[in-house]
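> have a look; sequence and predicted model below, questions after that.
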Amino acid sequence: MKSGRDKEKQNNRCISSHMQTLHRRLLHTLNLGNRHFDEKTNRWRWQCANIEVQKNVLRSIGAFLDSLSGDARAARHAVVKESVPDILGALLWILQCKSEALLSMASTVAVKLVSVLPNPLLQSHTLDLVYCLSSLLSSHQEVAIPCATALNFVISNLSATSEKEVMEALKEMETSLQIVGNIKDFAEGAKKIEYFEEMTLLLSTILWRWPPSRFPVCNDVILMKGLANIHAKTDSSTKLALLKLYTSIALCDSAARKLIKDEEVFPLMFVQAMGKSNPHAIRIEGFRLAQCLLRSQDNCLKVVGLCGEALVEAIICGMTETRLSSKKIGNNHGSLSVEACQLALITRWAGDHHTNFWKQGIDRVLLNLLIENIQDQLFEPVLSLEKQIYMAKEGLKANYHLDIRSYLWDILGWLTIHCGENLNPCTRGSELCINLLITCACLSFVDTLEKWCRICQKDIDDHFQSEPVLRAVLMMIHSPCNSISSHTRFLLSDVLKVKGMPCLKSLLHTLDYTSSLESYGSFDKLQLVVNLIGFTCLSSLPQYQRCIIESKGIRVIVLLLKRCLDNDIHIERKSFTPHLHTTCHERSCCCFDKGDWEGSNVLLFYSLLGLTEILHQCDLLRENPHQFSREVTNISPQLVSKLQEICTSNSFSPGVRWYVSYLLTYFGYYGFPTELAKRIGKSLNTEEYSDMKLVVANGESLSVHAVILAVRCPSLLPPQLLPCRKSSKEIADNFVRETMREVRLSSHVDYEALVLLLEYVYLGCLHASEETAKKLKILAKRCNLQPLFQMLHRHCPKWGLPFPSFNLTSSFGLAGSCFSDVILAAKSNELVGWTCNICSNTVPHMHVHKVILQSGCDYLQGLFRSGMQESHSQVIKVDISWQALIKLVQWFYSDELPDPPSGCLWDNMDDKEKLFNLQPYVELYWLSQFWILENIQEACWNVIMSCLDSSWRLSIKIIKMAYNLSLWKLVDIAANLMAPSYRLLRDSGELEEFDDALVHLIYSASIQLN
């Protein structure tokens, strides 16, 4: 062990004699000042009022820091560490003195200090620096510029532990507002461009770390117009600063939507920034901005509609940058291709951009990124299968662009699953490229499965790259393009000739074992997913069906599915795909996107898909009707019940619900049940409120409701009543002449099939045997009920297809308003110029239907049946506002209560706007108690509590409203929220307009709190 003297000698070698001399001078100049103990910070503070001493101190600090610059080892020397408190103390004192003669010099030294000293040495002084530098941003530009630079450096290097307190300090100092003001001043005045750039960069750094500040900046119209004008006429460095600011703003999805609304300027601006003509740094930032803006499907499709071709061209160009260099590409090219590949993941959504990708040769681009110099080898238009396999094997061995390979597999998978049935590689001249891509994927698939069959973690170094290629092959197998799907199955069968059966048995064994584990590490979860995807792909190949059945493969998947349904196993894709983790997603806010089609629990999705694939390929009910029932005999009732719950629940993804619906067809259930359909279904074939009879050839009839048919199955309506042919008034005049209209159907319509069809129309689903379901197929096709037709024929769901909804809101318009038999009228309010396109009544109202209202409300059902005067009235007055009435009717017709604004949109509203948005929910909460609407009552209560928790001042208005409506539970909650501020409210006089009883209630709550 070295002695203390040896260590001291070794440390002294880290700093030169010149550096030691500068350090002694620094200590000497610091000793010219005084030190006092600050009780607030519990530290000794340097101070000196003499300007000459201050100037010498600044020179000494600057010289000492210059000597450390570029020498990381010296900067961590013990001498430096011991000097930091004195250096910082002196610098902060001089800055706080705000002497005009020294401020510029001191702020320049501050930049040196934060850029030279290691970040850990500054951590304990971060808050002092933030407060001091923030206070100087309003100074003249010679001071403000270096202060902004230094503050930017401090905030950029914040540790996670100090981030919160620094953001609170910035909020207290109103730093963002000051910077925004400075940027506006630049747009109006004559300040240096460096002033604008540093202020913009500082603001972007703050917004990156502090979500609440994003939307207010985006909502500043003057600022945003000024930024747009500056972007149009500035050079590269300024554009880069602007792009960074836009990226930070776009981390808020509400702000991103607002930016994209500027259709004429903004989308084209960020697409152009990604173009090849720009410097590398601008292109990189352009891609990052695009990733933030397009992380939701709605935003993506909107931009694609505006400039889709240019967007795809920029992505393709960015992906191909790596071809400009050798395999050992530089960091710049590498990072650009990664950013472009990340943006290319917009292919996960179907849309017109897919057409653009194929037009611009995405297949060639992907192949070039998988195999080096592949284009030089494609001198023959046609290659044998053996030659293709050889080329792919040799190319993959080179491990070309491994850093982006996971992206490439994902992009390939999305492109093939969303390509459409009409994609024909032969007509495009790209058949060879696509075939080689499929070959590469299938070879990688087999290689990956072989590795995982060893079940040894240390054997799989690149295990996180396993899932993307398996998933890509799975998607190609399920591609709607027959040539891609069939060639993938053919090629997979070919490369698995020898290894396929051992792989399958190993997969089944591993699935059986891992699915029985009590707990899972990240590796176990990945292994489970990899094996399940591999099994699903193999089950799509006919030659493995017998082995799957004999090896109890169905039982293994069903038990795994049951564990997922019991919430024993939940695995998110992002937990084992590091390439999907980006700072954009980690720092974003206000993201209320619908989520992926597959859902958050990929194991549940793949289990459903695997079971679907087995049943689809084997068609067990035909070939061996008892096989499937034997496999699930012990859990069949529970399984069916769970599957039906999933179908009904909106909390599951569309993909999961689609495959659940498919599986239920093997138990005789066809369709898509919902809670609303259960309610509406009670009216099927009842005389009450029915206005039409469907009569078949043998004279049997069924009572129906025209409004339900108009929305759910318009093919059953007589042509003269179809909304597309006439106006609402013409149909209504024609329709009300008869109380009950009879519609005679064709002699080809089978009564039993019609009953089943109406079950689907009213209930969203039906239960029938195989033989009975056959009768329904023709009628479902004639009535153009595609989802039902698909289920009856057991067509596998198309990836990405929205799940069919049972939504009757279209009956507000031409489709159903003509069949209205009652009006709901809101209480009079200040709506000026309100008109109805059906009648002349000027009081805000809605034309609705008794059959729908009574299905969801026992009170209205009793009212309509009572025989009292109100039951015959054409108008029912509801003592709620127009805004509340709209939400109420929306729930009756869709079983969904619209949500109020949330996230940054809500946080940036003033109290008046918040009250306007919250008041309808309070009214509906009151009405739901009166009308016995438990679902609405619970939903409204949750909304009210969430809003009050986010803004206690709303309680001041809500408590009076709740008191007048006798909502005592809400009154108590509001009083408790106001209790901590009772004295403030009393002293400000805000309680003077309250009833004495309310004041006493708030006072009592404050006493209990204290």
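Alright, I've got the coordinates.
> in terms of helices and strands, where is Ser805?
If you go by DSSP states H and E, Ser805 is not part of any helix or strand.
> list the contacts for it?
Shown in contact with Ser805 (Cβ atoms under 8 Å, 6 or more residues apart in numbering): Thr674. (Each C-beta comes from the backbone N, C-alpha and C, glycine too.)
> where's it relative to Arg45, distance?
67 Å (Cβ to Cβ, to the nearest Å).
> can you pull the buried residues of the helix or strand hosting Lys960?
Using DSSP H and E, Lys960 falls within helix 954-964. Under the neighbour-count criterion of 16 or more other Cβ atoms under 10 Å, helix 954-964 has 954-963 buried.
> contacts for the following helix or strand past that helix?
Using DSSP H and E, the next helix or strand after helix 954-964 towards the C-terminus is helix 968-978. Residues outside helix 968-978 that contact it (Cβ under 8 Å, 6+ apart): 922, 925, 944-945, 948, 952, 955-956, 958-959, 962-963, 985, 998, 1001-1002, 1004-1005, 1009.
> could you do stretch 1002-1010 as well?
Contacts for stretch 1002-1010 (Cβ under 8 Å, 6+ apart): 959, 972, 975-976, 978-980, 982-983, 985, 991, 994.
> okay, now the unreliable bits of the stretch 801-950 of the chain?
Along the stretch 801-950 of the chain, the model assigns pLDDT under 70 to residues 814-815, 829-830, 832.
> how about the strands in it?
Counting by DSSP state E, counting those that start in this stretch, one finds strands in the stretch 801-950 of the chain at the ranges 822-825, 845-848, 875-877.
> state the distance from Leu408 to Ala106.
Taking Cβ to Cβ, one finds Leu408 at 52 Å from Ala106.
> the two: who's more crowded?
Using other Cβ atoms under 10 Å as the criterion, Leu408 and Ala106 rank with Ala106 on top: 30 against 24.
> using the three-state scheme, assign the residue most central in space within the chain.
Nearest residue to the geometric centre of the chain (Cα atoms, centre = their mean): Asp593, 3.7 Å. The three-state label for Asp593, taken from DSSP: H, G, I helix; E, B strand; the rest coil, comes out as coil.
> and what of Leu702?
Put simply, Leu702 is strand when judged by three-state DSSP.
> that one - how many residues pack around it?
Neighbour tally, Leu702, other Cβ under 10 Å: 18.
> do the same with Thr686
12.
> in which helix or strand would I find it?
Using DSSP H and E, no helix or strand contains Thr686.
> what sits against it?
Per Cβ under 8 Å, 6+ apart, neighbours of Thr686: Ser703.
> need the pLDDT of it.
With respect to pLDDT, Thr686 has a value of 90.
> go on, Ser254?
For Ser254, the predicted pLDDT is 94.
> neighbours around Tyr666, how many?
Quick note: Tyr666 (other Cβ under 10 Å) scores 19 neighbours.
> pretty sure it sits in a strand.
No. Checked against three-state DSSP, Tyr666 lies outside a strand; its state is helix.
> let's have the chain start at 51 instead
Taking 51 as the first residue, the last one we looked at is Tyr716.
> would you check how far apart it and Arg596 are?
Taken as Cβ to Cβ, the span from Tyr716 to Arg596 is 19 Å.
> ditto for Asp453
From Asp453 over to Arg596 (counting by Cβ to Cβ), the distance is 42 Å.
> and what of Lys148?
Taking Cβ to Cβ, one finds Lys148 at 86 Å from Arg596.
> got it, and Val193?
Applying Cβ to Cβ to Val193 and Arg596 gives a distance of 81 Å.
> more neighbours: those two, which one.
A count of neighbours by other Cβ under 10 Å puts Val193 above the other of Val193 and Arg596, at 22 against 10.
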